[in-house]
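*Asks:* Provide a 3D model corresponding to the input given below.
(chains A, B and C, ligands or ions: 2)
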Amino acid sequence: MFERLADTFFNWQIMGQYFPKIVEGFFLTIELALAVVVAGIATGLLLAIVRAFRIGVVNFLIVAAVDVLRALPPLVIIIMFYFALPTVGVRMSAFVATWLALALVLAAFAEEIFWAGILAVPRGQWEAARSTGLSFLQTLRFVVLPQAVRITIPPLTNRTIAITKGTALGAVVAVGEILYQAQSAYSFSYNPSPLTLGAIAYLVLFLPVVYLGRWVETRFAWKR
Amino acid sequence: MSHDQAAILEVRGLHKSFGSLEVLKGVDLVVRPRELVFVIGPSGSGKSTLLRCCNRLEEPNAGSIRIEGVDILAPRVDINAVRQRIGMVFQSFNLYPHLNALGNVTLALRKVAGKPREQAEAAAMQALARVGLAEKAKSYPNELSGGQQQRVAIARAIALEPVVMLFDEPTSALDPELVGSVLAVMRELRESGMTMVVVSHEMRFARSAADRVIFMDHGRILEEGPPAQLFNAPDHPRIREFIASIEH
Amino acid sequence: MERLVASFFNLDILQQAWPILLEGFWMTVKLTLVVVPLGVAGGLAVALASTVRSRLVRWTVVVYVDFFRAFPPLVLLMFIAFGLPFLKIDLGAFGAVALAFLLNTSSYYGEIFRAGIESVPRGQYEAARSTGLSALQTMGWVVVPQATRNVIPDLISNTLEVVKLTSLASVVALPELLFAARQAQSLTYNATPIIAAGIIYLVCLWPLVRLLSRFEHRQIALH
Ligand SMILES: Nc1ncnc2c1ncn2[C@@H]1O[C@H](COP(=O)(O)OP(=O)(O)O)[C@@H](O)[C@H]1O
Ligand SMILES: [Mg+2]
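*Replies:* Ligands and ions are numbered 1, 2, ... in the order given. Here you go, the predicted structure:
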């Protein structure tokens, strides 16, 4: 029984055979994840800053876009980008479709979190800064954002981790990341050992990230 | 060991440490029926710990505690049944914010005493009436003043018909103008014959209501006696200083 | 513009695809109604287990939670859907999805409930115990109700994520909304069904999103 289990899920020969593929996928996952995090957080911060100007129409558009991106499942967005957009002539690679979808989703969540952080800075801070002659942007840059960012770190970290794990969704549109490599190796060999290998790769990648998240949460505890 | 048959609460040689910090260093305390024992002493002297050991919110390291002669530290004792008979009132009220006043009082009546709903509510209403808050039965804690909250907390304890009530600084968290209403309830309890142990710095209340005052210092009882003696002519200069420092 | 309408908002296609989409929608509803209560119950169990005195139990819980939080849900789902049949355990697509989501979401719900339980002041526990309530009764009648109330925004937020997560079931061929939309797309050679599925998700989940962002602003403003 145990032997069969080992043979099915931990078949060394098959694992060895597909190990290079999984490593390839491992690095692509990291690449994709980093691209998502950088683009998503930067865009989210930018949107929150724009929102601070409180221009009616602009803010309405931001809120609408954010709401849509929060309500749609990321997989649906990826599939729209990859399978629906080409029918109107907009084509992109599977990698770009996955990256863009996840980055937009992260941007939406990040914007909400940054905006909530900006709102949390007491009115008196704005008034004090403006009364010393700082401009609106200077106040935002030197007084409000430094305070806002601190309290946004724990929720932003957790959200970022969750969305980064979404890189696995790329497998559905054949982005060659870990899960895709594992899955295709599985269908070639008809043995789930590559899936085990893929699962281990994800643990290696994300367990440290989960612990980082825990650490950040205690370090910057913000709730109540 | 022989013990005092007439005592409601009998504490012998009580020791309690938190880690390496010894907080109670052998406390003996006997409280007889209808007695009101007042406990004073500097902050950190172990007053709260003493009360909390008496219903085993803290586990003592050594010593014995008897309620009506029954050793409550015995391994097979049903501590939840014992706790019904020991009412406790906290400095910070600790009312359940998700339940209204009536719900706060009925919870243990129903779940511990096992009373059916109507009976529990009748008993709870009686307890609330006793603390003068029958008309607030449907109010939630955040709709009540601090004094009212503390009176509901007292009702929660007395509804279980305890044989002794422990008060841990019941008025310390209250605005001065609200203290009187809580003390009035406590005085009424005393007059009805309730046995009480009160940790508090309300000296005027102690002078008029206490049978005995105990002064604790560094985990020991330094001196005890009738209020007049302990307040006016204590043996220890330490106590005189302490009393001068809290009596304006 | 015309091309956009013909490709994305084609009413003829929509009419053809509608029955399939509707069936998919009901499957998504069914999946949600199974997965959310299971996840909440599992999460509560996880959170309660993390409050017990036994260090072994508490460590097991931490390992469980971290393990399943580190796994992308789709990886877990594929592992269960493709791996278990090799052990002659066949849960079917629905069962595989339910099990994968139970493991994944219960660790998230568990973390939320744990934070909630920790947010209840110790005095509440002591007051309840001082009136004779047992540890379990205290949890059930005093701590958990308050804990839940304190974390309602997080519970709703996680539930929103779980509903969105059900779309992953399409990958293991469970005919829920997204699967139905893709099937309809390949039958009609038109993207309208996918756009329609997106709109259905939007209409159903947008109220939750609005509610949440009101909560979030209030919560962080109180901080
Ligand atoms: N749970 C605990 N863990 C560690 N130390 C404690 C704990 N509870 C009380 N102490 C310590 O025990 C000492 C006595 O506390 P306490 O009984 O609350 O004193 P009092 O009520 O007289 O002010 C203090 O030094 C306090 O810091
Ligand atoms: Mg104290």
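*Asks:* in terms of contact, does residue A:176 touch residue A:24 like I think?
*Replies:* Yes: in terms of Cβ atoms under 8 Å, residue A:176 counts as a neighbour of residue A:24; the distance is 6.8 Å. C-beta coordinates here come from the backbone N, C-alpha and C atoms, glycine included.
*Asks:* okay, these two: which has more neighbours?
*Replies:* Under the criterion of other Cβ atoms under 10 Å in any protein chain shown, the comparison of residue A:176 against residue A:24 puts residue A:176 first, with 18 against 14.
*Asks:* count the neighbours of residue 173 for me.
*Replies:* Went with chain A since none was named. When counting by other Cβ under 10 Å, one arrives at 19 neighbours for residue A:173.
*Asks:* was after chain C, sorry
*Replies:* When neighbours are counted by other Cβ under 10 Å, residue C:173 comes out with 11.
*Asks:* same deal with residue A:4?
*Replies:* Counted with other Cβ under 10 Å, the burial measure for residue A:4 works out to 11 neighbours.
*Asks:* residue ranges with poor pLDDT in the chain?
*Replies:* Chain wasn't specified; assuming chain A. Within chain A, the ranges that satisfy pLDDT under 70 run A:1, A:221-224.
*Asks:* meant chain B actually
*Replies:* Residue ranges of chain B with pLDDT under 70: B:1-5, B:248.
*Asks:* ranges for the strands of it?
*Replies:* Remark: strands assigned in chain B by DSSP state E are B:9-18, B:21-31, B:36-40, B:62-67, B:70-71, B:86-89, B:164-168, B:195-199, B:212-217, B:220-225.
*Asks:* looking at those strands, spot the one closest to chain A.
*Replies:* Minimum separation from chain A across those (Cβ to the nearest Cβ) falls at strand B:9-18, 23.6 Å.
*Asks:* host element of the residue most central in space within chain C?
*Replies:* With distances taken as Cα atoms, centre = their mean, residue C:162 lies nearest the centre of chain C, 2.2 Å away. For residue C:162, the host element (DSSP states H and E) is helix C:152-165.
*Asks:* wait, does that helix contact chain A?
*Replies:* Yes: Helix C:152-165 comes into contact with chain A (Cβ under 8 Å from any Cβ of the partner chain), by way of C:160-161, C:164-165.
*Asks:* what packs against the longest helix seen in chain C?
*Replies:* Longest helix in chain C, counting residues (DSSP state H): helix C:11-49. With contacts defined as 3 or more Cβ pairs under 8 Å, 6 or more residues apart in numbering or on different chains; DSSP states H and E, the packing partners of helix C:11-49 are helix C:55-70, helix C:92-119, helix C:144-150, helix C:152-165, helix C:177-188, helix C:192-222.
*Asks:* I'd like those helices laid out as JSON lines, including mean pLDDT.
*Replies:* As requested, the helices and strands packed on helix C:11-49 are arranged in JSON lines below (pLDDT from 0 to 100):
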{"stretch": "helix C:55-70", "mean pLDDT": "90"}
{"stretch": "helix C:92-119", "mean pLDDT": "93"}
{"stretch": "helix C:144-150", "mean pLDDT": "94"}
{"stretch": "helix C:152-165", "mean pLDDT": "93"}
{"stretch": "helix C:177-188", "mean pLDDT": "89"}
{"stretch": "helix C:192-222", "mean pLDDT": "85"}
